[in-house]
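S.K.: Return a 3D structure for these sequence lines:
(chains A and B)
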Amino acid sequence: MVRWLKEVPRLILAPALVAGVAALALYWLGMVPDYLQPPENGPRDYDSIAAAEADLGMSIALPTYFPSYLAYPPTVIRGQREPVRSVQMTFVGEYGSAPALTITQTEGEAGAPVTLPGMESVGSRTTIIIGEGEGTLITGTGKGGQPLTGAYWRADGFLFTVVTTRSERELLTIIRSM
Amino acid sequence: MPFFESVFGHYLSQAVAYSVVAVAFIEVMLAVWRVREPLLQMKFRLIALALPVLCPLVYYLLSPFRGGLALLDVNRWLELRLAEGITLGHVFGVMLLGTAVYCLGKEAFPAVRYYLGRRAVLPAIAPGRFPRLDAARAALSRGQVNVPRILLSPEKAPLAYVTGGALVISAALLDLLDDDELQAVISHEVAHSSRSVVRLSRLLLALRWLLFYNPVAILIFHRMVSDREKLCDDLAIRLSGKRLSLTSGLLKLFRHVHEDSPVGGGPRRLRWRPGTQEDTARRGLVRERVQRITRADPGSATPYPGLQLAVAGILLAGLLFFVV
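M.R.: Modelled structure (predicted):
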């Protein structure tokens, strides 16, 4: 028994470590093609909102209320053409690197269940008025239990989702300015 | 390339990708665990051959659309554009085709020709015809070694091989080797007909044919043939007790094949015969075998080999699940 326990690091831990390193190597290898030749129909990153609009062939809605604590332009603009046209913009706080606001615009009217990016558990849901239609306001938490507020609604053939680390009032001001 | 988007094409590309991952993983584990026994090395390398045959099918049935889980998507690599109209998939397809043609030309067709063609029935060597052979046989029998019936080959070159449960030798072999060397070489060939070696050889051959298009499998296969020769060397030493005679017999045979060509240069090319999955008289392999035999260092036996095989197989199968 003692001899077997002494062998455990060699018998179990060593191959597990090798498998872990191999998994990491495979993951990096998996990223190489997208780095060398980003896929034509996405998902891919864009340098600017204008470039994303030109490539995706759609107009991207932005809030006219843009608080000073948010850095502009977005740090990440990720879009795709297939299976549906979609763009996701991530804005960080002015002095930090953590995402403070994420806006997603996805083509389609279908009523599939909506998941808000970054929101891992949902607390409350409330129906709200956005423009001439209705939307849903959601409070919940993200990674590490961080409180998040988000909302989603449909307009002009798109599904919009907005998630922020700020207050409900701030979120409503942002989305009503879009 | 559309072919690799079909189910069959996807299977081929997965099998090759799995082989690459499997051989790297297994060779690292053999080094980490310092596995020296040829039989155990063969068993590990069999995992590297078998999983690429089975896993693509099993994983396709279990979870055909696991792209979202993928660490590595092989199709993304195959879609990489190398030049106008040419992707990595085209190059990959040519490589597979080349490998398949090589395998068919070097192994399949000669085998088919051998089995379908007219073969001379080799005569059995009657007792008393070659007294030295009888003496070698008697010595091995005293050591409880079951020597199969011995047939005489008409080849002018010295050779010894096992086929269909019989040992085939040529008269030139008896002229070339002394008594101890003859006993050691016969022991090596008898080891090839032992149950464990025969079972492994058949499994190896089956996997070889199933992976005829896979260039990585060729490398693993050649490695395993080397392992098998070393395993038979170990068995021969155990059966005959003649370590140094085995070395000198091996060297004599190698020198004769590679230096004593009738036209003064280059190795002799012997006709294809069963069991000749590759030229086991390669210089590198002979050197490796001689060094190993003369070193006389079996190393310590690997503890818990069954557990090691199971752990390696399970971890590797798990890793391969995330290669799509």
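S.K.: Just give me the residue right at the centre of chain B.
M.R.: In chain B, the centroid-proximal residue (Cα atoms, centre = their mean) is B:Val225; its distance is 2.3 Å.
S.K.: A:Glu134 and chain B: what is the separation?
M.R.: 31 Å (Cβ to the nearest Cβ, to the nearest Å). Backbone N, C-alpha and C define where each C-beta goes, glycine included.
S.K.: Pop out the phi and psi values for that residue.
M.R.: Backbone torsions for A:Glu134, taken as degrees, to the nearest 10, come to phi -110, psi 150.
S.K.: ok, now which ones touch it?
M.R.: Residues in contact with A:Glu134 (Cβ atoms under 8 Å, 6 or more residues apart in numbering or on different chains) are A:127-128, A:153.
S.K.: From chain A, how far out is the residue nearest to the centre of chain B?
M.R.: Distance from B:Val225 to chain A, by Cβ to the nearest Cβ: 26 Å.
S.K.: Check B:His90 too.
M.R.: Counting by Cβ to the nearest Cβ - B:His90 and chain A are separated by 15 Å.
S.K.: distance of that residue from B:Gly128?
M.R.: Applying Cβ to Cβ, to the nearest Å, the value for B:His90 to B:Gly128 is 65 Å.
S.K.: ditto for A:Ala51
M.R.: Distance from A:Ala51 to B:Gly128, by Cβ to Cβ: 92 Å.
S.K.: quick one: which of these two has more around it?
M.R.: Just comparing A:Ala51 and B:Gly128: by other Cβ atoms under 10 Å in any protein chain shown the higher neighbour count belongs to A:Ala51, 13 against 8.
S.K.: excluding its backbone neighbours, what's nearest that one?
M.R.: Nearest non-adjacent residue to A:Ala51, counting by Cβ to Cβ, 6 or more residues apart in numbering or on different chains: A:Ile77, 7.9 Å away.
S.K.: circling back: of the contacts of A:Glu134, just the buried ones, PyMOL syntax please.
M.R.: Per 16 or more other Cβ atoms under 10 Å in any protein chain shown, the buried members of those correspond to this PyMOL selection:
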select buried, chain A and resi 153
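S.K.: Quick check: residues of chain A near chain B?
M.R.: A:3-4, A:7, A:10-12, A:14-16, A:18-19, A:22-23, A:26-27, A:29-30, A:32-34, A:36-37, A:39 (Cβ under 8 Å from any Cβ of the partner chain).
S.K.: give me the number of residues near B:Tyr60?
M.R.: Residues near B:Tyr60, counting by other Cβ under 10 Å, number 15.
S.K.: Low-confidence bits of the stretch 1-150 of chain B, can you list those?
M.R.: Scanning the stretch 1-150 of chain B with the threshold set as pLDDT under 70 gives B:1, B:64-68, B:115, B:118-120.
S.K.: worst-scoring helix or strand of chain A, pLDDT-wise?
M.R.: helix A:2-8 (a mean of 75; mean pLDDT, DSSP states H and E).
S.K.: re earlier: just the buried ones from the residues of chain A next to chain B?
M.R.: Using 16+ other Cβ under 10 Å, the buried ones in the residues of chain A next to chain B are A:11, A:14-15, A:18-19, A:22-23, A:26, A:30, A:33.
S.K.: how about the strands in the stretch 51-200 of chain B?
M.R.: B:81-83, B:86-87, B:150-153, B:160-163, B:166-170 (DSSP state E, counting those that start in this stretch).
S.K.: From B:Leu320, how far out is B:Leu57?
M.R.: 12 Å.
S.K.: More neighbours: those two, which one.
M.R.: B:Leu320 (23 against 12).
S.K.: what residues does chain B put near chain A?
M.R.: Going by Cβ under 8 Å from any Cβ, the residues of chain B near chain A are B:21, B:24-25, B:28-29, B:32-33, B:70-73, B:76-77, B:79-81, B:303-304, B:307-308, B:311-312, B:315-316, B:318-319, B:322-323.
S.K.: out of these, which are buried?
M.R.: B:21, B:24-25, B:28-29, B:33, B:70-73, B:76-77, B:79, B:308, B:311-312, B:315-316, B:319, B:322-323.
S.K.: what residues are up against A:Ala155?
M.R.: A:130-131, A:133 are the contacts of A:Ala155 under Cβ under 8 Å, 6+ apart.
S.K.: Next, count neighbours for A:Lys6.
M.R.: Counted with other Cβ under 10 Å, A:Lys6 comes out at 11.
S.K.: Give the burial count for B:His172, as a bare number.
M.R.: You called it His, but residue B:172 is Ala. With other Cβ under 10 Å as criterion, B:Ala172 counts 15.
S.K.: Touching, it and B:Glu155? I think so.
M.R.: Yes - between B:Ala172 and B:Glu155 there is a contact at 7.4 Å, judged by Cβ atoms under 8 Å.
S.K.: joint contacts of these two?
M.R.: With Cβ under 8 Å, 6+ apart, B:Ala172 and B:Glu155 have no common neighbours.
S.K.: Break down chain A into its helices, ranges please.
M.R.: Assigned by DSSP state H, the helices in chain A fall at A:2-8, A:14-36, A:49-56, A:168-176.
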